[in-house]
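[1] using only what follows, build the 3D model:
(4 chains)
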4 protein chains.
Amino acid sequence: MENPSYSKALIVGAGSGLSASLARLFAGRGIKVALAARSIEKLGALCTETGARAFACNATDPSGVERLFGLVEREIGTPDVVVYNASARARGPFLDLVPAEVEHAIAVSAFGGFLVAQQAAKRMLPHKHGAILFTGASASVKGYPQSAPFAMGKFALRGLAQSLSRELSPQGIHVAHFVIDGAIGRDESDSRLDPDEIARTYLNVFRQQRSAWSWEVELRPWVERF
Amino acid sequence: MENPSYSKALIVGAGSGLSASLARLFAGRGIKVALAARSIEKLGALCTETGARAFACNATDPSGVERLFGLVEREIGTPDVVVYNASARARGPFLDLVPAEVEHAIAVSAFGGFLVAQQAAKRMLPHKHGAILFTGASASVKGYPQSAPFAMGKFALRGLAQSLSRELSPQGIHVAHFVIDGAIGRDESDSRLDPDEIARTYLNVFRQQRSAWSWEVELRPWVERF
Amino acid sequence: MENPSYSKALIVGAGSGLSASLARLFAGRGIKVALAARSIEKLGALCTETGARAFACNATDPSGVERLFGLVEREIGTPDVVVYNASARARGPFLDLVPAEVEHAIAVSAFGGFLVAQQAAKRMLPHKHGAILFTGASASVKGYPQSAPFAMGKFALRGLAQSLSRELSPQGIHVAHFVIDGAIGRDESDSRLDPDEIARTYLNVFRQQRSAWSWEVELRPWVERF
Amino acid sequence: MENPSYSKALIVGAGSGLSASLARLFAGRGIKVALAARSIEKLGALCTETGARAFACNATDPSGVERLFGLVEREIGTPDVVVYNASARARGPFLDLVPAEVEHAIAVSAFGGFLVAQQAAKRMLPHKHGAILFTGASASVKGYPQSAPFAMGKFALRGLAQSLSRELSPQGIHVAHFVIDGAIGRDESDSRLDPDEIARTYLNVFRQQRSAWSWEVELRPWVERF
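    Predicted coordinates:
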């Protein structure tokens, strides 16, 4: 079988970092792009540059996510690559954490991932084709002090991704989880993760042919201690 | 330093299995026990047997959990061992999962653990003494197909436990997470995890002296494939 | 089934630290102890104190290990607890490492563990009773810079332990691996792992009843960063 | 910084599977290839096809490995990509394993990797450029029953790779370890890992720009249970 080709991508949790790099890389490969974010006001320039369409969506709202997929389908067609890139955190000494903020962090980082993945899978399974990609962090595999809520959300997202990989891979859907282990940014010494480089690895992973799929890839700068 | 001694335990998520074994073992060692459960109707016999007090509490409700700790304090004193044992799951093919049930599974399995741990830590930190124990499952470290919500909740709880261990251990609080890898039950061939035996390991772990603490212990029957 | 009881222990890689604590704890519980070390000159006081017998043995020599078990059998009887505690390391910048020293480090840390485990299993399997315990280190699960040989030996020993656990557990042999994550020693602030406390956890683990066995336990001081 | 370019590759442990696919892919990208194997008799056709040079070498012999690098340097130049692909196993019930075969399995699977990596690093470090790649297996992260020797070798190789990644990455050398989780082969249903597809992922990984390096990537067929 040939390496799979993809034609429409939806990136949920779009902003100026990794998601923008993904949008540019996808567009450059002829993949139509839809971007979803809580607020889409700042996505104008990116849309102009990449031809992407932007959709406002609260990823933690089941009906909102369902509506999002309907709109995307109408505007660019059914996405065969879906990236869940949203997250929220709450930091500070454990006793200072506010329950409502913890709940929110888990909802955005993990429950939204469930909602998006479910809508994506619903549309991909009939075709036995598609890729669902999750953006993780150092906190996906390591619970840091003063950062329990982020660890909770990111661990949960990883659990979702692993379960989905086991369930959906044999049905033809490629599920992958990326552990972005370090700060994203650009500098001369490459001491942070250049988002264009991360995007390149996303692309290489979801273009893997099904005989040799990765479900998890970690990435970090050459100088990062791990 | 001597091995620490504990005098009051609170077990959240109490029923007939592991929690009952913990209550019996604790009571037998002279530790006063408080039990909390959504519904306490069935806890009567266990209370009679162990002298435990039972409290109704919805572990996912911040003010309910705060109230619970107030009541426990008044009735048996401030607990220095707190076990979070509650969980909920939603199973089935991924497309059949109901978002509200997924949200509930994450809330009971993980967010409740956060709420209980926070109230516990608040009372333990001034004394630099106490143990917070989390009951995990196979799904804490492995995401099974058709079981994403349970993996999400249990992975998140593990992230919480690991983060708390890193944050609270140097402040004198022993945080431990138990991976119960198999079905709990009793039979002649010991093919399931006898809850009395699990309880014994909980006790041995939280009685570890601080120079040699475990933060995670996994348990499975001798015949279990892993 | 009752918690298993053990009557004869063999500790390979005996010196003044953990092995001495194990010998004292075992002796105090009525378990007869045999100690094996490359050189047994310094074991005199410990033997006097605990009633243990000491045997000189090069753990990397197949016939030497076989002979050791023969001698132990004759002197104290067939051991039903065997601890592999030997290790060797080679440190320094990668380019400075000497191949022969690397080979030696792997042989002592891992191949000797194989030899000892095989002789132990040979004697335990007919009785479907016994425990084989392996002493690991931080390097068992994390490869540190400038320390590749120790990581190689300790990773390999962990692979051996995990494979043996899967193979021998269903045949009644408890196999356990301990990740000693920090420096062993004693001080007032408990900032190092007190070997008596580690020994206590070894004892608690191999006394687990077969319905709830741990195959791996990690231990670190309360103040250790991990 | 641009994505790095590589011009000379050495593949140690060359045969007809993954190594052949790597050789073909590298040659197709203009990378000169050297192949090393215990016996090079069967490498004739591959050499003809790819223009590769073949060298006989026992990877467990320090002076042999040093000699190999000297020859390769003379014939194709200093390699900036080095793949360690050799392994050996010994299988069967634990009591049936022959110590000499276990020793051999560890030597080929892990010690040879050390020797090759050291010679490679010696030549790469002055240029702060190069990639050292290790081929792992399911047994790198999971110790299977009746297969302790292979787990020992592959766990050890992973420990080496992780330690080297931490030590050499900040010096500009990309170290990566691949967990090939399944059988390699080709069939219509893609139920085995197509070696050409594995090779493609190797290439994508070592061409990562240094701001976003992976140190470990796992690969398995879409239908493989994990």
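[2] please enumerate the strands of chain A.
    For chain A, applying DSSP state E gives strands covering A:8-12, A:32-37, A:53-56, A:81-84, A:130-137, A:173-180, A:216-219.
[3] so which of these comes closest to chain D?
    strand A:216-219 (4.5 Å; Cβ to the nearest Cβ). Any C-beta I mention is one placed from the backbone N, CA and C, and that applies to glycine too.
[4] which outside residues touch that closest one?
    A:141, A:161-162, A:176-182, A:193, A:197-198, A:201, A:205, D:208, D:212-218 (Cβ atoms under 8 Å, 6 or more residues apart in numbering or on different chains).
[5] can you give me how far that strand is from the chain middle?
    13 Å (Cα atoms, centre = their mean, to the nearest Å).
[6] now do stretch A:79-90
    On the basis of Cα atoms, centre = their mean, stretch A:79-90 sits 3 Å off its chain's mean C-alpha point.
[7] again with stretch A:197-204
    Chain-centre distance of stretch A:197-204: 12 Å, with Cα atoms, centre = their mean.
[8] contacts (any at all) between chain D and that stretch?
    Yes - shown here: stretch A:197-204 in contact with chain D (Cβ under 8 Å from any Cβ of the partner chain) through A:197-198, A:200-201, A:204.
[9] taking those one by one, which sit in helices?
    A:197-198, A:200-201, A:204 (DSSP state H).
[10] give me every residue in chain A that's in contact range of chain D.
    A:1, A:166, A:169-170, A:172, A:174, A:186, A:190-194, A:197-198, A:200-201, A:204, A:208-223, A:225-226.
[11] mind checking which of those residues are in helices?
    Among the residues of chain A next to chain D, the members falling in helices (DSSP H) are A:166, A:197-198, A:200-201, A:204.
[12] export the residues you listed to TSV and append columns for neighbour count.
    Shown next, in TSV, are those (neighbours: other Cβ atoms under 10 Å in any protein chain shown):
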residue	neighbour count
A:166	22
A:197	22
A:198	24
A:200	20
A:201	25
A:204	18
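[13] low pLDDT regions in chain A?
    Low-confidence segments of chain A, defined by pLDDT under 70: A:1-2.
[14] show me the contacts for the residue of it most remote from its centre.
    Most distant from the centre of chain A: residue A:95, at 30.5 Å, with distances by Cα atoms, centre = their mean. Residue A:95 makes contact with B:118, B:121-122, B:125, according to Cβ under 8 Å, 6+ apart.
[15] related to what we said a few turns ago, which of the strands of chain A sits closest to residue D:136?
    strand A:216-219 (14.3 Å; Cβ to Cβ).
[16] how about stretch A:152-171, does it reach chain B?
    Yes - applying Cβ under 8 Å from any Cβ, one finds stretch A:152-171 touching chain B at A:152-168.
[17] ok, residue A:26 touching residue A:7?
    No - assessed by Cβ atoms under 8 Å, residue A:26 is found out of contact with residue A:7, at 9.8 Å.
[18] so between those two, which is more surrounded?
    It is residue A:26, of residue A:26 and residue A:7, that has more neighbours when counted by other Cβ atoms under 10 Å in any protein chain shown, with 24 against 15.
[19] so how far is chain B from the more buried one?
    Distance from residue A:26 to chain B, counting by Cβ to the nearest Cβ, to the nearest Å: 25 Å.
[20] again with residue A:178
    For residue A:178, the distance to chain B - Cβ to the nearest Cβ - is 16 Å.
[21] tell me the buried residues within the residues of chain A next to chain D.
    Neighbour counting over those (16 or more other Cβ atoms under 10 Å in any protein chain shown) leaves A:166, A:169-170, A:172, A:174, A:190-194, A:197-198, A:200-201, A:204, A:208-223, A:226 as the buried ones.
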